[in-house]
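Engineer: pasting the structure only:
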């Protein structure tokens, strides 16, 4: 049994998924994994199904019919996990491509379990955090986006666009998932903003973010546009 569910959305991650699953299950803490696959044509889901024979009680697969968006993948994963008999207490968001270090899952859990956080953010831009293998212009774009989000939303979170997260069960049970509107990277901002508006405490854990080595990035112009405009929408909605 485990009190912690790690949710990993996938689309064409056959180069990374087996190594990621094995790495998580060899950590010193017994996490469970839910892979949310959006109909990957490269056979990612088939690899996961094969590994379920190796990890029958720890590894789960939720298959969807196509690319439905990062945000809806996590929301579907949260809904799935909240209904499970394991009664998970901690829910994690993590990428499949090793840009997030699996061992940091333990530190994120501790930030909530013993550190007083309701939400823990794996932060690139808090003291001790850093980014590796990114060109300077992408770092500037990412850091600039963080400053922009903080200025517009007044959230005291130095990495509000981060996607390496731990949510406690009570946070997810308090959020009306039907009110979450964004499906791309603005989803990450909206979830943090909503949690803070509900009075929950957000803590940041410094991490090293490393750009993917295998597979293709899912970042697209439409996703960036959604994030920029979405921040303004959040502030407008909060004033109603």
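Structural biologist: Great, that's in hand. Worth saying up front: this structure is predicted, and the values here are computed from it rather than measured.

Engineer: gap between residue 3 and residue 160?
Structural biologist: Residue 3 is 27 Å from residue 160, where distance means C-beta to C-beta, to the nearest Å. (Each C-beta comes from the backbone N, C-alpha and C, glycine too.)

Engineer: apologies, that question was intended for residue 35.
Structural biologist: As judged by C-beta to C-beta, residue 35 and residue 160 stand 26 Å apart.

Engineer: repeat that for residue 50.
Structural biologist: 37 Å.

Engineer: of these two, who's got more company?
Structural biologist: residue 160 (28 against 11; other C-beta atoms under 10 Å).

Engineer: residue 162 contacts residue 129, doesn't it?
Structural biologist: No - if you go by C-beta atoms under 8 Å, residue 162 and residue 129 don't touch, sitting 9.2 Å apart.

Engineer: which neighbours do these two have in common?
Structural biologist: Overlap of the contact sets of residue 162 and residue 129 (by C-beta atoms under 8 Å, 6 or more residues apart in numbering) consists of residue 123.

Engineer: neighbour count for those two, which is higher?
Structural biologist: Counting neighbours by other C-beta under 10 Å for residue 162 and for residue 129 shows that residue 162 has the greater number, 27 against 19.

Engineer: got the contact list for the closest residue to that one other than its chain neighbours?
Structural biologist: Leaving out its chain neighbours, the residue that sits closest to residue 162 by C-beta to C-beta, 6 or more residues apart in numbering is residue 121, at 5.1 Å. Going by C-beta under 8 Å, 6+ apart, residue 121 touches 157, 159, 162, 164, 165, 192, 202, 203, 204, 205.
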